[in-house]
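J.: coordinates only, sequence not included:
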């Protein structure tokens, strides 16, 4: 159903007006907190640009002067956000076209996902939009966010600022992910809920994000693709610049059936999807946390030249678990050079292990983390370093000295190879994690997330244009 | 190395004095916060029973009268906690024996894990303990906790109260797990760091926990077993009463190498372990969260009679993802009966899905969760119900009404089948999750954890004595 706009000589029409509009009309802005139009307008009041509420009955919305129709708005309108009952949407699209609106987000549901009648209505809406050269995201979506200019054109809470763009075919899943990342302090550059994708689709969005300076990685939740070939071709091109991580649901028959009733689209064979993703340089995730872990590891800003890892730890068990996870991802533990081991022996007590994983034992303090990271980073057999720490609450140590030691060494060395943290003590380690994150060292709480992240770095490293 | 005490006609000697001692001596209690003996004594000051500090130099420890030796203590001593330098441990063990101490926790490290000299010292310690009939946990361990009587005989922070016993061969991993569960509000009945296991081992501990009224499930982190046959035989017996979940590390060659340098024991072939676990009714986990998710699902207090699930959701994507995860665990989605679907149609709007997963769409409120759970629980094809919710922050809904609806229905029905929650919105859903947890409905944030939990219920259901 989607029309391939990107094929017009590669010129992208109008996506910029979705993410950086000078002015926005909220068609269906409301004073009633039980309505989605209430939340959408409330969220957009924080936007940097001009925002007009449109409501055919009210004269003011949330204290601002309201307009009966988009046609009554005195100034220009770049973006229209439509959140009115289904049967009024087509008229609002027509009026937006007359007004000269460039882009529309149609949040309203009840279209193609409910059957043939809804599909016919979608076609009429698309024809109308084309007539005026307007682009559409949706319908049946949550909306979009650009965290870097405070644009929240959705009815959900705004995401934290970050470097990963999240695109979700399920709006509710997008909300669930954004909400869960609040406490994990994970941010996003942009969020796009694509809904029924009658116009703007995955391919066009990733093409746009490839050039977006605020986005360093792209995470996609996909249920089903209508135009797989276009997506694969685009992804093949984009993945040479920026990493793309995909979570594709419908792996099981039950999941696939659920998709067809949820989005009306066919889930397709997971195997075929997976093979196509691989071929086009997309990194596949099977869990939400895995996807997020992979996407945000690129904050570290350097790719590994070889896919072998050194693990340093103050805790034996976690060192073993992360070694298992790394090797299951095909990332072997580096065999440390003779000089490296000799240097480690000078720094560490005799009961420590000077092999990889390097077990510095529980007495290791900031100084040991500093020295050992320097030694490991200098070993040519080491492609990346995983620094494990169960932050000790005893022996008079501070809760941040281990992280501080790592950052000092890493910055002094000029960040020559990726460093990934595994800090496993929940809120006990939150100050330490904050130090690492502030210094763009990705840090995780679970061994499997570290391995997923390291795997993503290696995959992208083998892919990226030199 | 471990001596099989449980074989003496099944009589367990002395483990009770580890977990419910009338009096404790901390041998090596300290005033110096840089020493572990400082933390151990500080932690034990909160214990319900009598606690004596022993320090050969100081006259008072943390404000309490100190004793030069355990022999100077006026009253009886049930449990001794030894946290002094390695070369003084043997003498302290001998003195404890003379004093009539029943059990010893030796926290001090530097024994078998460091080589042959340490192993010889361990043998002398064990012989001394045997001479006096004393039992030993450790050496080289973090200690033990009994959350139900405020016993924290470790140098780490106390765990929350709960129903899962956690036994870890890595003390630091145990600490990492306990700290991470603070924010997840997961509790434990007991925690045992076994260390080098020169006497008390996994087998004996699980035998003890089988009879412990505060423990409803047992979670084990194992690196390597010295006496596998004894463990398997014990587990076979215990797993008919209480679920046992094991995380065994050393799946990879790198992990296995790390284990041998960490504990001095052989990791053994993971495949062989896995097969033996399966044979003895142990549920195997491969990640920390998976293990914890499996162990705490038994809080629900009812086992499924058939391993087919109904999924109800207000969010399409999460419904699909959890369906995928359930089916990958071998738990099929129930095919709902005709009457069930008809009842659902009466309750839900036309755009909802009346198949399984039942997508109630985002407008579903507390009432829908109440009604739909009742309908699904009554369908004989349904063995357990997974209730998914992305807590809406719009449309004037409260953040707890969905959970409240579920609990009302579940309690009215008399909890006939397991109910598992999947509440995916991070801190937005924390009030809702609290309601479920208070009512002993296990609730998770990740689809894979729900599937792991459902799998554990099904495994134990097929195993348990009727």
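T.: The structure has been received and is ready for your questions. None of the values given here were measured: they were computed from a predicted structure.
J.: what ranges do the strands span in the stretch 201-350 of chain A?
T.: With DSSP state E, counting those that start in this stretch applied, the stretch 201-350 of chain A shows strands at A:217-222, A:244-248, A:283-285, A:308-313, A:332-333, listed in chain order.
J.: Give me the buried stretch members for the second one, please.
T.: In this case it means strand A:244-248. A:244-248 (16 or more other Cβ atoms under 10 Å in any protein chain shown). The way it works is simple: take the backbone N, C-alpha and C, and place the C-beta from them, glycine included.
J.: Could you tell me the angle between it and strand A:217-222?
T.: For the pair strand A:244-248 and strand A:217-222, the angle between their directions (axes from the mean of the first three to the mean of the last three Cα atoms, to 10 degrees) equals 20 degrees.
J.: Bridged to the residue nearest in space to the middle of chain A, which residues?
T.: Residue closest to the average C-alpha location in chain A (Cα atoms, centre = their mean): residue A:166, at 3.5 Å. Here residue A:166 shows beta-bridge partners residue A:191, residue A:219, assigned using DSSP bridges.
J.: Turn the buried residues of strand A:244-248 into a markdown table, columns for pLDDT and distance to residue A:401.
T.: As requested, the buried residues of strand A:244-248 are exported to a markdown table (pLDDT from 0 to 100; distance: Cβ to Cβ, whole Å):
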| residue | pLDDT | distance to residue A:401 |
| --- | --- | --- |
| A:244 | 98 | 37 |
| A:245 | 98 | 33 |
| A:246 | 97 | 39 |
| A:247 | 97 | 37 |
| A:248 | 95 | 42 |
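J.: Can I get these in a markdown table including distance to chain B?
T.: Written out in a markdown table, the entries for those read as follows (distance: Cβ to the nearest Cβ, whole Å):
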| residue | distance to chain B |
| --- | --- |
| A:244 | 19 |
| A:245 | 15 |
| A:246 | 13 |
| A:247 | 8 |
| A:248 | 10 |
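J.: Tally up the residues packed near residue A:342, please.
T.: The tally of other residues near residue A:342 (other Cβ atoms under 10 Å in any protein chain shown) stands at 12.
J.: With residue A:390 instead?
T.: Neighbours of residue A:390 using other Cβ under 10 Å come to 30.
J.: who are the neighbours in contact with it?
T.: Contact partners of residue A:390, counting by Cβ atoms under 8 Å, 6 or more residues apart in numbering or on different chains, are A:314-315, A:318, A:423-425, A:429, B:172-173, B:175-176, B:179.
J.: Need the worst-confidence member of these.
T.: Of all the contacts of residue A:390, residue A:425 has the smallest pLDDT value, namely 86.
J.: At which residues are the helices of the stretch 251-400 of chain A located?
T.: Using DSSP state H, counting those that start in this stretch, the helices assigned to the stretch 251-400 of chain A run over residues A:253-263, A:270-279, A:288-296, A:316-328, A:338-347, A:366-378.
J.: May I have the predicted confidence score for the residue nearest to the centre of chain A?
T.: So, for residue A:166, pLDDT stands at 98.
J.: One more: residue A:12?
T.: We have a pLDDT of 42 for residue A:12.
J.: One more: the one 4 residues further on?
T.: In this model, residue A:16 is scored at 94, pLDDT.
J.: For residue A:102, see how far away it is.
T.: Applying Cβ to Cβ, to the nearest Å, one obtains 9 Å for the distance of residue A:16 from residue A:102.
J.: Neighbour count for these two, which is higher?
T.: Neighbours per residue, other Cβ under 10 Å: of residue A:16 and residue A:102, the larger number sits with residue A:102, 22 against 15.
J.: thought the more buried one was touching residue A:15?
T.: No. When contacts are counted by Cβ atoms under 8 Å, residue A:102 is not listed as touching residue A:15 (9.7 Å).
J.: Name the residues contacting each of those two.
T.: Listed contacts common to residue A:102 and residue A:15 are residue A:135; contacts here mean Cβ under 8 Å, 6+ apart.
J.: Could you list the low-pLDDT ranges of chain A?
T.: Counting by pLDDT under 70, the low-confidence segments of chain A come to A:1-13, A:261-267, A:465-466.
J.: who in the stretch 301-450 of chain A is up against chain B?
T.: Along the stretch 301-450 of chain A, the residues adjacent to chain B under the rule Cβ under 8 Å from any Cβ of the partner chain are A:311, A:314-321, A:323-324, A:326-328, A:332-333, A:350-351, A:353, A:355-357, A:359, A:362, A:390-391, A:393-396, A:424-429, A:445-448.
J.: Just the buried subset of those residues, please.
T.: A:311, A:314-321, A:323-324, A:326-328, A:332-333, A:353, A:355-357, A:359, A:362, A:390-391, A:394-395, A:424-426, A:428-429, A:445-448.
J.: Residue of the stretch 251-400 of chain A closest to chain B, please.
T.: residue A:317 (2.6 Å; Cβ to the nearest Cβ).
J.: Test my guess that that residue contacts residue B:223.
T.: Yes. The pair formed by residue A:317 and residue B:223 meets the contact definition of Cβ under 8 Å, at 7.0 Å.
J.: and the nearest residue to residue A:49 once chain neighbours are set aside, what is it in contact with?
T.: Nearest residue to residue A:49 in three dimensions, chain neighbours excluded: residue A:22, at 5.2 Å (Cβ to Cβ, 6 or more residues apart in numbering or on different chains). Residues in contact with residue A:22, defined by Cβ under 8 Å, 6+ apart, are A:49-50, A:76, A:78.
J.: Kindly report the same for residue A:324.
T.: Residue A:324 makes contact with A:447, B:249-252, B:254-255 under the criterion Cβ under 8 Å, 6+ apart.
J.: let's see 7 Å
T.: Under the criterion of Cβ atoms under 7 Å, 6 or more residues apart in numbering or on different chains, the contact list for residue A:324 reads B:249-252, B:255.
J.: tally of neighbours for the closest residue to residue A:60 other than its chain neighbours?
T.: With sequence-adjacent residues excluded and distances taken as Cβ to Cβ, 6+ apart, residue A:60 is closest to residue A:66, at 5.4 Å. As a burial measure, the neighbour count of residue A:66 was computed by other Cβ under 10 Å and equals 21.
J.: Also residue A:116?
T.: Neighbours of residue A:116 under the rule other Cβ under 10 Å: 8.
J.: Enumerate the residues of the stretch 151-300 of chain A near chain B.
T.: By the rule Cβ under 7 Å from any Cβ of the partner chain, the part of the stretch 151-300 of chain A lying against chain B is A:155-157, A:168, A:170, A:172-173, A:175-176, A:179-183, A:221, A:223, A:249-255, A:258-259, A:261-262, A:287-289.
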